[in-house]
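Q: pasted the sequence and its predicted model underneath.
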Amino acid sequence: MEELHELEINTKSVTGAPDSSRFGAMALEFEYGAARWWTSELYLNGQVTANQGALFTGFRWENRFKVLKGTHWINPVLYFEYEDLNGADKSLLEVVGNDTKQDLLIPNDIARQEKKRELENKLILASYFKGFTVAENFIYEKKFAPGPWEFGYAVGISRNLPHKTGLILGVEMYGGLGTTDSFGLNDTSHYLAPVVTWHSGGTAIRVSPGFGLNSNSVGFLFRAGVSYEVEGFGKALAKLFK
């Protein structure tokens, strides 16, 4: 979670080529520490697909709430997000329900006609031991329309290398868990991805090659991101509204 009254700007991009239909997608994120226990974030999403052009696919408004003060053996965070996207969104910030690579093959002109207004919730758990960070996310989301709840997961482990290197190495696994109508692992996609993050001062660069674990998954996804902390943003904002 972002520090109190500080702003962080992130780019999160992903590229892949399911059945040779190459695409690239990006989410531009603005994360603000509204309180010591509350972080609010806005995402602006877009994508480009080979021979189909580029388009803006919508926005997300996310809020995270820290449940406990201080650091404990397990640290829960509650996450609530409103999504207003169209069906052409390919940012793949999470996999839920029965998401598969076939969803990424629908032509943009058709997919963009689907409106996806959803409430996404997460229970995020983090633990720290002997220099390692372990995180588990359980995702459950629902469209603002008739239909089942959709579920997903993400688990990961990471470790900081010696301080002077500025490197964090990790690995994560994520995928869908089906729906209330068909709960299970078989009819969705799953990925395993090593993660390398380099940080210096207020800037961090993250790269993550991901590998599909079943026939429903894209064989290879490449994720990259850059984040930058705007120093003194909270103080400047306070002076503006005095």
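A: On my side now, so go ahead. Numbers count the residues shown, from 1 in each chain.
Q: could you use CA atoms for every contact and neighbour count after this?
A: OK.
Q: Asp103 belongs to a strand?
A: No: under DSSP: H, G, I helix; E, B strand; the rest coil, Asp103 sits outside any strand and is assigned helix.
Q: check what pLDDT it gets.
A: In this prediction, Asp103 carries a pLDDT score of 96.
Q: counting neighbours, what do you get for it?
A: By the criterion of other C-alpha atoms under 10 Å, Asp103 has 15 neighbours.
Q: can you map out the helices along this protein?
A: In the chain, the helices defined using DSSP state H lie at 108-111, 233-240.
Q: pick the most deeply packed of those helices.
A: Mean neighbour count, computed with mean count of other C-alpha atoms under 10 Å, is highest for helix 108-111 among the helices of the chain, reaching a mean of 14.
Q: next one: that helix to chain centre, how far?
A: 23 Å (C-alpha atoms, centre = their mean, to the nearest Å).
Q: same question, stretch 143-159
A: 11 Å.
Q: quick one: terminal-to-terminal distance for it?
A: 36 Å (C-alpha to C-alpha, to the nearest Å).
Q: ok, residues contacting that stretch?
A: Outside of stretch 143-159, the residues within contact range by C-alpha atoms under 8 Å, 6 or more residues apart in numbering are 94-98, 116-119, 131-142, 168-181.
Q: pull out the buried positions in that stretch.
A: Lys143, Trp149, Glu150, Phe151, Gly152, Tyr153, Ala154, Val155, Gly156, Ile157, Ser158, Arg159 (16 or more other C-alpha atoms under 10 Å).
Q: quick one: which of the residues you listed sit in strands?
A: Lys143, Glu150, Phe151, Gly152, Tyr153, Ala154, Val155, Gly156, Ile157, Ser158, Arg159 (DSSP state E).
Q: nearest to Tyr43 among the residues you listed?
A: In terms of C-alpha to C-alpha, no member of these lies closer to Tyr43 than Lys143, at 18.2 Å.
Q: among the helices of the chain, which is nearest Phe222?
A: Nearest of the helices of the chain to Phe222, taken as C-alpha to C-alpha: helix 108-111 at 20.9 Å.
Q: and the contacts of the closest one?
A: Counting by C-alpha under 8 Å, 6+ apart, Thr49, Gln52, Asn86, Gly87, Ala88 sit against helix 108-111.
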